[in-house]
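1. please work out how this folds:
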Amino acid sequence: MTRFALYVELKAKQGREEDVASFLANARNLVLAEAGTVAWFAVRFDKTTFAIFDAFNDEAGRTAHLNGAVAAALMANAADLLAAPPEIRQPAVLADKLPT
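-> You can find the predicted model right below:
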């Protein structure tokens, strides 16, 4: 069972909404190379609000992801794309249902 997660809320700058959407869609390719990332979702709530949710079996997977390519690319582009710094939360997973 996954036990660790990340939830990152992102607010796009006005006029950069589609750039954030594109960035997140393309980030999938980077996540595919991460063995410790069990589940990864990039979602859009409204025109400017996005989020990333990831799940991991252990703290090592979560730490590797936080130090990985997606996080580095996000932080490198945050000032240009986002209205506020990303809010990174590290929740505990209470239950899951994943494909086997």
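2. report pLDDT for M1.
-> At M1 the predicted local confidence, pLDDT, stands at 85.
3. ditto for the one 5 residues further on
-> Predicted confidence (pLDDT) at L6: the value is 98.
4. could you tell me how many residues sit around it?
-> Counted by other C-beta atoms under 10 Å, the residues lying close to L6 total 19. Heads up, the C-betas are built off the backbone N, CA and C, glycines and all.
5. skipping adjacent residues, who's closest to it in space?
-> In space, and not counting its chain neighbours, L6 is closest to D54: 4.6 Å by C-beta to C-beta, 6 or more residues apart in numbering.
6. what bridges to the residue nearest to the spatial centre of the chain?
-> Residue closest to the mean C-alpha point of the chain, counted by C-alpha atoms, centre = their mean, is I52 at 3.2 Å. Per DSSP bridges, the residues bridged to I52 are V8, A42.
7. wait, isn't the residue nearest to L6 in contact with A5?
-> Yes. The pair D54 and A5 qualifies as a contact (C-beta atoms under 8 Å) at a distance of 6.3 Å.
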